[in-house]
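Trainee: prediction below, plus the sequence it came from.
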Protein chains: 2
Amino acid sequence: MDILKGGVTAPEGFFATGVACGLKKDGRKDLAIVCSEDSAAVAGVFTTNKVKGHSLQLTMEHVKTGYANAIVINSGNANACVGEQGYEDALRIATVTSGLLDCEPDDILVASTGVIGERLNMDAIVPALEELVSNMGPDGGKYAAEAIMTTDTVPKEIAVELELQDTKVVIGGMAKGSGMIHPNMATMIGIITTDANISRKLLDKALKTVVSSTFNRVTVDGDTSVCDMVVIFANGMAENPGIINEGEDYENFVKGLEYVCTYLSRLIAGDGEGATKLVEVVVEGAGKQDDAYKAACAVAKSPLVKTMMFGNDVNWGRIMTAVGYSGAEFDPAFVDIYIGDMLVCKAGGAVDFDETDARRLLEKREVRLLIKLNRGIYADRVWTCDLSDDYVKINASYRT
Amino acid sequence: MDILKGGVTAPEGFFATGVACGLKKDGRKDLAIVCSEDSAAVAGVFTTNKVKGHSLQLTMEHVKTGYANAIVINSGNANACVGEQGYEDALRIATVTSGLLDCEPDDILVASTGVIGERLNMDAIVPALEELVSNMGPDGGKYAAEAIMTTDTVPKEIAVELELQDTKVVIGGMAKGSGMIHPNMATMIGIITTDANISRKLLDKALKTVVSSTFNRVTVDGDTSVCDMVVIFANGMAENPGIINEGEDYENFVKGLEYVCTYLSRLIAGDGEGATKLVEVVVEGAGKQDDAYKAACAVAKSPLVKTMMFGNDVNWGRIMTAVGYSGAEFDPAFVDIYIGDMLVCKAGGAVDFDETDARRLLEKREVRLLIKLNRGIYADRVWTCDLSDDYVKINASYRT
């Protein structure tokens, strides 16, 4: 597997771009399109929040056909909680775009991210759709990745090339975070493209498998947004014979997809609102898979663990405490805790460690916390970030 | 019911004090005692965290007899996760104190709050116990309330007088917050005293009833500590004939206890780490009691709601989002949201409201958020605080 430059337009037959249509007050790009030359097989995972954004609802409908040509994404406004008008607005975006692309409205997906409860400024969006379609190109992925950013500080994209069925196949992706991020079936907006020829059914299965161990293992603040989705387009233009059964080819495709989604997930966690570092929380030795997940999640979500990571303070008692209230089955007397590769708690109790060395481990841009429950064979892993005063600053006046 | 000055020493026959023995680095008081002249009936509720502090474990054992004479509380060190030595240290505190008070070790309760994973400095505590016992007095409640503070900014105490069985009865209490606070059976340290004559069984029932609607409805950061407990002592010295059956007298006692616990709970929430305001989250119209609880809890815990409260930003979409992922059953299209008495979301959608007026409501020292699910008859209420940059500052270097 080789890492390529670029993102969603790295695979054959994908075009994209991003423009500024005026939804963001500061003139930054806020409208993106990702388009396949041919109709592509699609699959998606969507937020589990009972409140669902209107654009997301439309996309949930449109992916049901199994095929689509393009997705239009706006940032700056979530198109959520505005009543029936919200769905009509999303449908209008799909309809206008389908006219420009000469396909049907249900071949177009729509995603929106930003403030909840305000109507989309359709007077800004609709005229910009034509510009969007006419500007899109085979190198436009980076502009699309910029246009979907909200409080993200960096655009997030990646592409890999792998050999499948003796054919070079490319998988590309882009994503945006970086607040209201919590694992509960899709956690943000992620768009994945591939020129692989793969059946709709296996594409769906691959996406769900990979999302559960990647995008759904990211938490920034424990808040599951109403607009989160990950969508994958596969247009088959690599012209591999076709992946229609599980087996080695399918597994290789999943590996490539996992690389792309892992990369984007880690970027999202590390670029969490106000974050100064990426924190990887690993739980090993759980008696059940669910216990490993619960424990890792509780540690990754704990504001006290997250502020301690920000302050580089080796307060491992907070990690133990979070495992304790996680709901996971375990015996505190068997727990070992590592910061990086340094043991700081053995069999549930304090061990002597060098405070300066431990602090130095915490000061890194990426920190791994390992909790061994020493009870069974199950493990899980969640990515998060530290909690800084900048998180508060960013979110205290997001809307105004 | 009359509000009295003072706290745990307001009821007849209670003595208390607090001293500085050197556990806190800055010379503030860190060791407290609350003592009943006679053996008192006791009841307690304890953290649900699977990890339990050693002092807390000892106290869980000692309340089983149903009677106790005193409780010794230290701040600055949680006496948790230090191995078997932790229990032995707690037992030694109980043994030395029982010698000074001429009772049995299991008549003494012990509570510890502070940093996890470091052994108690017994060389500081043991000699100070004699000073503690010789200094305690009938007006010493305020010193005890000071000595149990950790990151609290104000001591928390209250007392009420009520008439029960034609007798004046007093209930007093003190508590400490203010981080690692989340409702899950006992949320911090609360010590309640009363001179009422009430059976052990009804005392236990009254405490559990009241704690579930007061201390267990406070969340500061969603972290359930390993040392949290609420303990009540009833010494009968008011000489009312005795509450031995449920009925009007019992109900009146519960009302008095509820007043005391509500007052202390609200103080804890409003004095949450870094808090600038108390936030009361009320959910009405749920189809089930549990749905009301889940929805109120999710809103009260959401970092995005809490930062918006800090920034006085009327971003009600975050409230809707939190209800959406709470797990509560509801239909978004029926939800109304109020800030104070101002409607900001009607039937799941935006309504026009005066931004300046809404902002003014948020700027108050106490803010009420009301979410009407309009589905059934159940309601719940949780107290929390806003999330400020000071929370991060306090917790980034708590230990160092």
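Mentor: Great, that's in hand.
Trainee: for the stretch 201-350 of chain A, give me the ranges with low pLDDT.
Mentor: Scanning the stretch 201-350 of chain A for pLDDT under 70 picks out the ranges A:220-225.
Trainee: what residues does it have near chain B?
Mentor: For the stretch 201-350 of chain A, the contact set with chain B under Cβ under 8 Å from any Cβ of the partner chain comprises A:221-226, A:301-304, A:307-308, A:310-311, A:313-318, A:320-325, A:328, A:330, A:332, A:345, A:347-350. For the C-beta atoms, the positions are set from N, CA and C on the backbone; glycine is no exception.
Trainee: so which of these belong to strands?
Mentor: With DSSP state E as the criterion, strands contain A:Cys345, A:Gly349, A:Ala350 from among those.
Trainee: ok, the first one - contacts?
Mentor: Taking Cβ atoms under 8 Å, 6 or more residues apart in numbering or on different chains, we find A:Cys345 in contact with A:Trp316, A:Ile319, A:Met320, A:Val335, A:Asp336, A:Ile337, A:Val351, B:Cys81, B:Gly117.
Trainee: just the buried subset of those residues, please.
Mentor: A:Trp316, A:Ile319, A:Met320, A:Val335, A:Asp336, A:Ile337, B:Cys81, B:Gly117 (16 or more other Cβ atoms under 10 Å in any protein chain shown).
Trainee: just flag the most distant two among those residues.
Mentor: Pairwise distances across the buried ones among the contacts of A:Cys345 peak at 13.2 Å for A:Asp336 and B:Gly117 (criterion: Cβ to Cβ).
Trainee: taking the residues of the stretch 201-350 of chain A next to chain B one by one, which sit in helices?
Mentor: A:301, A:303-304, A:307-308, A:310-311, A:317-318, A:320-325 (DSSP state H).
Trainee: what sits closest to A:Glu258 if chain neighbours are left out?
Mentor: With Cβ to Cβ, 6 or more residues apart in numbering or on different chains as the criterion, A:Glu258 has its nearest non-adjacent residue at 4.9 Å, and that residue is A:Val210.
Trainee: if I look at the one you found, how far off is chain B?
Mentor: Taking Cβ to the nearest Cβ, to the nearest Å as the measure, A:Val210 falls 22 Å from chain B.
Trainee: excluding chain neighbours, what is closest to A:Leu23?
Mentor: Nearest residue to A:Leu23 in three dimensions, chain neighbours excluded: A:Gly76, at 3.5 Å (Cβ to Cβ, 6+ apart).
Trainee: contacting residues around that neighbour?
Mentor: Contacts of A:Gly76 by Cβ under 8 Å, 6+ apart are A:Leu23, A:Lys24, A:Lys25, A:Asp30, A:Gly114, A:Val115, A:Thr150.
Trainee: could I have the buried ones of those residues as PyMOL selection syntax?
Mentor: Remark: buried members of these, expressed as a PyMOL selection using 16+ other Cβ under 10 Å:
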select buried, chain A and resi 23+24+30+114+115+150
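Trainee: ramachandran angles for A:Leu31?
Mentor: Taking degrees, to the nearest 10, you get phi -140, psi 130 for the backbone angles of A:Leu31.
Trainee: so it sits right up against A:Val19, yeah?
Mentor: Yes - A:Leu31 lies in contact with A:Val19 (Cβ atoms under 8 Å); the separation is 5.3 Å.
Trainee: and the two? which has more neighbours close in?
Mentor: With neighbours defined as other Cβ atoms under 10 Å in any protein chain shown, A:Leu31 and A:Val19 compare such that A:Leu31 has more, 27 against 19.
Trainee: so what's the more buried one bridging to?
Mentor: On the basis of DSSP bridges, A:Leu31 is bridged to A:Val19, A:Asn74.
Trainee: let me see the contact set for it.
Mentor: Neighbour list for A:Leu31: A:18-21, A:23, A:72-75, A:125, A:128-129, A:132, A:147 [criterion: Cβ under 8 Å, 6+ apart].
Trainee: can you do 7 Å?
Mentor: A:Gly18, A:Val19, A:Cys21, A:Asn74, A:Ile125, A:Ala128, A:Leu132, A:Ala147 (Cβ atoms under 7 Å, 6 or more residues apart in numbering or on different chains).
Trainee: next: A:Val226.
Mentor: Applying Cβ under 7 Å, 6+ apart to A:Val226 gives the contacts A:Thr47, A:Asn49, A:Val51, A:Lys52, A:Gly53, A:Ala78, A:Ala80, A:Ile116, B:Thr321, B:Gly324.
Trainee: wait, the third one touches B:Ala333, no?
Mentor: Going back to what we said before, that points to A:Val51. No - using Cβ atoms under 7 Å, A:Val51 makes no contact with B:Ala333, being 9.8 Å away.
Trainee: the two: which is more packed in?
Mentor: Per other Cβ under 10 Å, whichever of A:Val51 and B:Ala333 has more neighbours is A:Val51, with 26 against 13.
Trainee: how much space separates the residue lying farthest from the centre of chain A from B:Trp316?
Mentor: Residue farthest from the centre of chain A, counting by Cα atoms, centre = their mean, is A:Asp352 at 38.6 Å. Distance, A:Asp352 to B:Trp316, using Cβ to Cβ, to the nearest Å: 51 Å.
Trainee: check A:Arg365 too.
Mentor: On the measure of Cβ to Cβ, A:Arg365 and B:Trp316 end up 36 Å apart.
Trainee: same question for A:Ile377.
Mentor: Applying Cβ to Cβ, the value for A:Ile377 to B:Trp316 is 46 Å.
Trainee: next one: A:Gly274
Mentor: On the measure of Cβ to Cβ, A:Gly274 and B:Trp316 end up 23 Å apart.
Trainee: near the closest residue in space to A:Leu362 that isn't next to it in sequence, how many other residues are there?
Mentor: Closest residue to A:Leu362 apart from its sequence neighbours, by Cβ to Cβ, 6+ apart: A:Asn312 at 4.2 Å. Neighbourhood size, A:Asn312 [other Cβ under 10 Å]: 20.
Trainee: residue of the stretch 1-150 of chain A closest to chain B, please.
Mentor: A:Ile116 (2.4 Å; Cβ to the nearest Cβ).
Trainee: wait, what's in contact with that residue?
Mentor: A:Ala78, A:Ala80, A:Cys81, A:Val226, B:Gly317, B:Met320, B:Thr321.
Trainee: again with A:Ala295
Mentor: Residues counted as contacts of A:Ala295 (Cβ under 7 Å, 6+ apart) are A:Val283, A:Ala286, A:Val323, A:Ser326, A:Ala328, A:Ile371, A:Leu373.
Trainee: centre of the chain versus stretch A:256-268, how much separation?
Mentor: Relative to the chain's own centre, stretch A:256-268 is displaced by 8 Å; criterion: Cα atoms, centre = their mean, to the nearest Å.
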